[in-house]
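*Asks:* sharing a sequence plus its predicted fold:
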Amino acid sequence: MTGFLDNLLGGLALGAVYALIALGFVVIFKASGVLNFAHGSLLLFGGYLTAVLHDDLGFAGALALAVLATAVLAGVLDRFLLQRGGQSAHSAHVQTIITIGIDIVLLTDLARRIGGDLLSLGDPWGDSVTALGPVTVADSRLAAILVSTVVIGAVFALFRFTPWGLSLRAAAEDLEAAALMGVRLSRVRAGAWCLAGALAALAAVFLAAFPAPGLERTTGQIALNAFPAAILGGLASPAGALAGSLLIGLTEALVVGHQSDLHMLGEGFGDVAPYAVMLLVLLIRPNGLFGAKGAVRV
Amino acid sequence: MSDRLLDGLTSRRAGIALLAVTLCLPPFYLDAFWLRIGLFSMAAAIGAVGLALLTGTAGQLSLGHAFFLAVGAYGYVWLAGEPGPGLPPGLAALLAVLLAGAAGGLFSPVAGRVRGIYLGIATLALVFLGHHVLLTADSVTGGFNGRSVPPLTLGGFTFGAGDPELTVLGVPFGAEERLWFLGLALFAFTWFTARGLLRGRPGRALAALRDSETAAGVMGVDVARHRSAAFVVSSLYAGLAGVLLALAFRRVVPDYFSLALSVDYLAMIVIGGLGSVAGATAGAVFVTALPLLMTRYADQLPLVTAPGSAEGFVGPTEAARYLYGAAIVLVLLYAPDGLHGIVRRARDRVRLRRPRTPGTDPVTSPPQPAAAARSKEHTP
């Protein structure tokens, strides 16, 4: 039973981190119709900056600077590379493939700098644990759950209560109508990319914290696991991304935790379980759990 | 006019024959390194043509191409080898290609329902699940270390070293030379079948589907059938490419068939120009040959160091990755129709200029568009 609770908490923490990443996918998709394949390398960029700067600036300062820098990088990439193509639906696909090219360049450079090292981010939690009744939890996991909840709450409030959020929702609904109503699409877009970049940099901290060994060149690949999370919920739905992330996080943690019972699926099935779940969901609901099926006009 | 048409046809035939002869020459002059580059490029081109059909023409984004390549490669290795049924290699190769097609067919419940970017991510799942299976199903795939590939034998002739010893025009024919001709034959087969498909009824139906599914459906295209058929055909080509790759590598390992490989194939068709067979081929050669060439000539390139030298410098593999990523971005930003489009535009420009060369009759030449008239001022 304790083992189950352990896994459950681990899954929640993992789901919370995935939610930060998946929310980034969703915000970008809503604003620009692009699926950002460079998200993993943005995440790695944020983590790398934190790792390099924390000796001089302390953890908080390094993190703040990394979040800011990643946000700016994402915004710049969107403004100066992707937005050259215009806003039509066809160009959204082209832009998605451009993000693959960006990812290759960024990732190659970061991997070259990191090499085979394991970088510590200097986070204040270290490997300390807290006893919660019968289970002990790593502090970093509690922090992940807490911080994600606060940040995601703030992002939802941003969507709901600010003029930018209103513009974003309008643009996601109908680009042309939004533009006619005076929404400045390019700014809304760049803002969305900045927000997603900031979320990715924040997620990097929790992905590299205990019990993970530290930031490696492959940490960015974990962002790929947030793809199923975002797709599961329906790419255009923030609430869906949240639900999908929790589902994926719990699945992964439970599959890893019960590895011995699932022996017939082979070792390391936990890494691919999110994809199996996603395929099953897509078979039944091709637009994700919360995705709406729009009318098609010819 | 008909004379001109005939002239065009003959010169076209002559061009194809010349190309075919040129492609047969390398084994007599180049060493194994270059032949291997050629082999990998041909295999990649076959796979890329399959993906161009699916993603370029039919508009179904697929990141799962590596999976179907793996099915072809491992299918051949298992069917022809020990442990496995140990079938004759020719039969095993054929069955492996069909197996890849069947895998594409099995995916059609998803491919038929899921659209656009969702489909891209769904196919991503295939790569990860497939990689997992390759790692864990030891008895079939050999696990992490992979399996060695039995050489292909057709009617007593082995596409490998020796058996029978063969020397043509004073050049000893080893594995690379023999496989070159096999690859060439398979590539020619791919080229003609794919062009036939694209230019015929199925190609039009698929292009109609890409542009608007509803409209295509109204015009009488069976949407679900064509969508899954595109997947099956593309997987068949991928399976063929997988078999050829396995033969060229002589050993298959799971880590080769990763997401990066799928992305490579996507990059090939994007750099080449979506939806064209020639473009996919050009893209395949570019993406395959670039890293190999850069590794070979690392010591002669500026800003690049040989592998294993001092840290902090850019190694050849990395330099190739930078170039390759940048190529994707630049091609899409400045020439969205890829290498194929660049060549076509250049050719059109040459054609428009030709009527002004001395000796042509100005009366029969077609009226020149404004662009051509303007460009005249720039001609020296």
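*Replies:* Arrived safely.
*Asks:* all contacts plus neighbour counts: C-alpha atoms, from now on.
*Replies:* Noted.
*Asks:* phi and psi next, for A:His93.
*Replies:* The phi and psi values for A:His93, taken as degrees, to the nearest 10, are phi -70, psi -40.
*Asks:* so where's chain A uncertain?
*Replies:* Residue ranges of chain A with pLDDT under 70: A:1-2, A:85-90, A:260-267, A:291-298.
*Asks:* residue numbers of it in contact with chain B?
*Replies:* Contact residues (Cα under 8 Å from any Cα of the partner chain) of chain A with chain B: A:35, A:81, A:84-85, A:94, A:97-105, A:108-109, A:112-113, A:227-228, A:231, A:266-269, A:272, A:275-276, A:278-279, A:282-283, A:286-287, A:296, A:298.
*Asks:* what's the single longest helix in the chain?
*Replies:* Chain wasn't specified; assuming chain A. Longest helix of chain A, by residue count under DSSP state H: helix A:39-77.
*Asks:* the intended chain is chain B.
*Replies:* helix B:223-249.
*Asks:* figure out how far the next helix or strand after it is from the centre of its chain.
*Replies:* With elements assigned by DSSP states H and E, the helix or strand that comes after helix B:223-249 is strand B:251-252. Relative to the centre of its chain, strand B:251-252 is centred 20 Å away, using Cα atoms, centre = their mean, to the nearest Å.
*Asks:* strand B:251-252 pairs with which strands, and in what direction?
*Replies:* Here strand B:251-252 is paired, per DSSP bridges, with strand B:147-148 (antiparallel).
*Asks:* can you name the element that comes right after the partner strand?
*Replies:* For strand B:147-148, the following helix or strand on the C-terminal side (DSSP H and E) is strand B:152-154.
*Asks:* after that following strand, which helix or strand is next?
*Replies:* strand B:157-159.
*Asks:* can you name every helix or strand that the longest helix of chain A contacts?
*Replies:* helix A:89-114, helix A:185-208 (3 or more Cα pairs under 8 Å, 6 or more residues apart in numbering or on different chains; DSSP states H and E).
*Asks:* angle of the longest one against helix A:39-77?
*Replies:* With axes from the mean of the first three to the mean of the last three Cα atoms, to 10 degrees defining the directions, helix A:89-114 sits at 110 degrees from helix A:39-77.
*Asks:* show me what helix A:89-114 packs onto, helices and strands only.
*Replies:* Contacts defined by 3+ Cα pairs under 8 Å, 6+ apart place helix A:89-114 against helix A:39-77, helix B:316-334.
*Asks:* dump the very next helix or strand once past the last one to PDB, restricted to CA.
*Replies:* Pointing back at helix B:316-334 there. Next along the chain after helix B:316-334, taking DSSP H and E as the criterion, comes helix B:338-353. As requested, C-alpha coordinates have been extracted for helix B:338-353 and formatted as PDB (Å, rounded to 0.1, in the frame of the first residue of the first chain):
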ATOM      1  CA  GLY B 338      12.800  22.800 -51.800                       C
ATOM      2  CA  LEU B 339      15.600  21.800 -54.100                       C
ATOM      3  CA  HIS B 340      13.100  20.500 -56.700                       C
ATOM      4  CA  GLY B 341      11.500  24.000 -56.900                       C
ATOM      5  CA  ILE B 342      14.900  25.700 -57.200                       C
ATOM      6  CA  VAL B 343      15.800  23.400 -60.100                       C
ATOM      7  CA  ARG B 344      12.400  23.900 -61.800                       C
ATOM      8  CA  ARG B 345      12.600  27.600 -61.600                       C
ATOM      9  CA  ALA B 346      16.100  27.600 -62.900                       C
ATOM     10  CA  ARG B 347      15.000  25.400 -65.800                       C
ATOM     11  CA  ASP B 348      12.100  27.600 -66.600                       C
ATOM     12  CA  ARG B 349      14.300  30.600 -66.800                       C
ATOM     13  CA  VAL B 350      16.700  28.800 -69.200                       C
ATOM     14  CA  ARG B 351      13.800  27.700 -71.300                       C
ATOM     15  CA  LEU B 352      12.400  31.200 -71.500                       C
ATOM     16  CA  ARG B 353      15.800  32.500 -72.700                       C
END
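*Asks:* buried set for the longest helix of chain B?
*Replies:* Using 16 or more other Cα atoms under 10 Å in any protein chain shown as the test for burial, helix B:223-249 gives B:223, B:226-248.
*Asks:* so which of those residues reach chain A?
*Replies:* The subset of the buried residues of helix B:223-249 lying close to chain A, counting by Cα under 8 Å from any Cα, is empty.
*Asks:* and of the helices and strands packed on helix A:39-77, who's closest to B:Phe144?
*Replies:* helix A:89-114 (23.2 Å; Cα to Cα).
*Asks:* how far off centre is the closest one?
*Replies:* On Cα atoms, centre = their mean, the centre of helix A:89-114 falls 16 Å from that of its chain.
*Asks:* adjacent strands (with direction) for the helix or strand following it?
*Replies:* Under the assignment DSSP H and E, the closest C-terminal helix or strand after helix A:89-114 is strand A:129-132. Using DSSP bridges, the strands paired with strand A:129-132 in its sheet are strand A:135-138 (antiparallel).
*Asks:* for the strand it pairs with, buried residues please.
*Replies:* Across strand A:135-138, burial judged by 16+ other Cα under 10 Å covers A:Ala138.
*Asks:* list the buried residues of the longest helix of chain A.
*Replies:* For helix A:39-77, burial by neighbour count (16+ other Cα under 10 Å) applies to A:39-54, A:59, A:62-77.
*Asks:* look through the stretch 51-200 of chain A and state the residue closest to chain B.
*Replies:* A:Gly101 (4.3 Å; Cα to the nearest Cα).
*Asks:* show me what contacts the closest residue to that residue other than its chain neighbours?
*Replies:* Leaving out its chain neighbours, the residue that sits closest to A:Gly101 by Cα to Cα, 6 or more residues apart in numbering or on different chains is B:Gly325, at 4.3 Å. Shown in contact with B:Gly325 (Cα atoms under 8 Å, 6 or more residues apart in numbering or on different chains): A:Ile100, A:Gly101, A:Ile102, A:Asp103, A:Ile104, A:Val105.
*Asks:* with B:Ser262 instead?
*Replies:* Applying Cα under 8 Å, 6+ apart to B:Ser262 gives the contacts B:Leu63, B:Gly64, B:His65, B:Ala66.
*Asks:* just the pLDDT for the residue nearest to A:Gly101.
*Replies:* Here, the pLDDT recorded for B:Gly325 equals 85.
*Asks:* got it, and the one 4 residues further on?
*Replies:* The per-residue pLDDT reported for B:Val329 equals 85.
*Asks:* from chain A, how far off is it?
*Replies:* 5 Å (Cα to the nearest Cα, to the nearest Å).
*Asks:* how close does that residue get to A:Gln95?
*Replies:* 9 Å (Cα to Cα, to the nearest Å).
*Asks:* could you count how many residues lie near B:Val350?
*Replies:* Using other Cα atoms under 10 Å in any protein chain shown, B:Val350 has 12 neighbouring residues.
*Asks:* my bad, A:Leu142
*Replies:* Neighbour tally, A:Leu142, other Cα under 10 Å: 18.
*Asks:* wait, A:Ala131 touches A:Asp6, no?
*Replies:* No - counting by Cα atoms under 8 Å, A:Ala131 stays clear of A:Asp6, with 11.1 Å between them.
*Asks:* quick check on B:Ser61: phi, psi?
*Replies:* Residue B:61: Leu, not Ser. Backbone torsions for B:Leu61, taken as degrees, to the nearest 10, come to phi -70, psi 120.
*Asks:* try A:Leu215
*Replies:* The phi/psi pair for A:Leu215 (degrees, to the nearest 10) reads phi -80, psi 120.
*Asks:* residues touching it, list them.
*Replies:* Contacts here follow Cα under 8 Å, 6+ apart; on that basis A:Leu215 touches A:Gly47, A:Tyr48, A:Ala51, A:Leu118, A:Leu119, A:Ser120, A:Leu121, A:Leu207, A:Ala208.
*Asks:* hmm, 6 Å instead?
*Replies:* By Cα atoms under 6 Å, 6 or more residues apart in numbering or on different chains, the residues touching A:Leu215 are A:Leu118, A:Leu119, A:Ala208.
*Asks:* perfect, I'm done here.
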